[in-house]
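Asker: What follows is a predicted protein model with its sequence.
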Amino acid sequence: MDLRVLIVDDDHRLRDVLALYISAEDGLLVAGTAADSEEARMLAAELHPDAIVLDYHMPGIDGLDTIPLLREVSPAARIVMFSADDDCEAATAAMARGAAGYVTKNGQRGLDDVVALLRAG
């Protein structure tokens, strides 16, 4: 059975790239994509994904504050924080809120790291 993934990022190009990359992997299925915290919470409640790739920096409610909102509606989902910042404090804060991992958006390596964390769950 495929691992169902929800992708949350305010950059539509990055959402599309992530969706294509994850969809090309055996055993991974993109269940949906969201542009912000509110849409992510709604889709997580509706789709009950196995995993969520969550952008750290988003307008309105950022990724860090979105984690507990996603936990309310999809408590079993594995959350992978995906950020442009290579920041130890941000990673620690994300993990303290319940993220399973923190990956820096650094091209191919970042995409590979996201897939590895999705599969690790």
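Answerer: Received the coordinates, thanks.

Asker: give me every residue that touches the residue nearest to the spatial centre of the chain.
Answerer: Central residue check for the chain by Cα atoms, centre = their mean: the C-alpha nearest the mean position is that of Val53, 1.1 Å away. Val53 makes contact with 5-9, 18, 22, 80, 82, 114, 118, according to Cβ atoms under 8 Å, 6 or more residues apart in numbering. Yep, even glycine has a C-beta here, placed from its N, CA and C like the rest.

Asker: Look up phi and psi at it.
Answerer: With angles defined as degrees, to the nearest 10, Val53 sits at phi -100, psi 120.

Asker: Identify the bridge partners of it.
Answerer: Beta bridges link Val53 to Ile7, Val80, judged by DSSP bridges.

Asker: quick one, helices of this protein?
Answerer: Remark: helices assigned in the chain by DSSP state H are 12-23, 37-47, 63-73, 88-97, 108-120.

Asker: Quick one: mean pLDDT over stretch 5-25.
Answerer: On average, the pLDDT along stretch 5-25 is 96.

Asker: scratch that, stretch 103-116
Answerer: Average pLDDT, stretch 103-116: 89.

Asker: nearest spatial neighbour of Ala94, skipping sequence neighbours?
Answerer: Met81 (4.2 Å; Cβ to Cβ, 6 or more residues apart in numbering).

Asker: So the one you found is in contact with Asp65, correct?
Answerer: No: with contact defined as Cβ atoms under 8 Å, Met81 does not count as touching Asp65 (12.0 Å).

Asker: More neighbours: those two, which one.
Answerer: Met81 (28 against 12; other Cβ atoms under 10 Å).

Asker: Okay, the more buried one and Cys88: tell me how far apart.
Answerer: 13 Å (Cβ to Cβ, to the nearest Å).
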